[in-house]
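J.: Below is the sequence, then the predicted model.
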Amino acid sequence: MLPIKKIYQQTKEKMEQTKEALKKKYATMRGGRATPEMVSGIKVDCYGSKMPLSQLANISIPEPRLIVIEPWDKSILENIKKALLASELGVNPTDDGNLIRVALPPLTEERREEIAKIIRQWAEEAKVNIRNIRREAREKIEEMEENKEISEDEKRRAEKEVQSITDEYMKTIDELRDKKVEEIKKV
């Protein structure tokens with residue numbers, strides 16, 4: 001029975017990774033308030049490679065709709081501004097030679113709808129990943145039965161358990177999606 005438990009564990013781990021990846025993506029989405037996560041992952045062209053902004057500057061939120069970015073190396077200020085302009089945030093950064101201010105304009109109804117659509121799309125992609133993980137687990141269980149490692153009853157029980165794990169993660173993804181859409185739609 002040990003190999004089946006290992007399949008359950010691997011399935012849960014992979015589904016958990018999918019859920020966590022979705023949470024990280026959602027953290028970058030702009031709601032009504034500014035967060036450091038909105039810009040920390042933006043890749044900046046500098047020193048001959050692309051580096052995440054969080055490794056190049058101090059990011060702070062002095063006001064609910066203002067992000068202040070203070071680069072440790074002032075010579076890359078322009079590179080950071082270019083990266084911010086190219087990002088999906090739709091912002092216009094300003095600088096005073098030492099730091100960059102990113103004022104977040106209030107979201108228009110149209111932009112809220114666009115963001116909600118992206119949120120739903122990401123949730124759907126996560127669900128597809130979860131279904132693929134379920135399929136892999138079922139294939140392993142099927143293979144075990146064909147190799148006479150488990151009986152047909154054990155196979156059915158295992159498939160039921162994998163389905164229940166899948167249902168649990170699908171529900172969690174839906175909850176994350178609904179919570180984020182609600183946050184975006186809140187004026």
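T.: Received the coordinates, thanks.

J.: Tell me how far Ile100 lies from Glu70.
T.: Taking CB to CB, to the nearest Å as the measure, Ile100 falls 8 Å from Glu70. Heads up, the C-betas are built off the backbone N, CA and C, glycines and all.

J.: More neighbours: these two, which one.
T.: Higher neighbour count among Ile100 and Glu70: Ile100, with 23 against 13, using other CB atoms under 10 Å.

J.: my read: the more buried one touches Lys74, true?
T.: No - Ile100 lies out of contact with Lys74 (CB atoms under 8 Å); the separation is 10.7 Å.

J.: least trustworthy helix or strand in the chain by mean pLDDT?
T.: helix 37-40 (a mean of 85; mean pLDDT, DSSP states H and E).

J.: buried ones in that one?
T.: 38-40 (16 or more other CB atoms under 10 Å).

J.: same question, stretch 45-52
T.: Quick answer for stretch 45-52 (16+ other CB under 10 Å): 46, 51.

J.: Flag the shaky bits of the protein, pLDDT-wise.
T.: 1-2, 30-32, 187 (pLDDT under 70).

J.: if we go to 50?
T.: Nowhere does the chain drop to pLDDT under 50.

J.: residue nearest the centroid of it?
T.: Lys25 (2.3 Å; CA atoms, centre = their mean).
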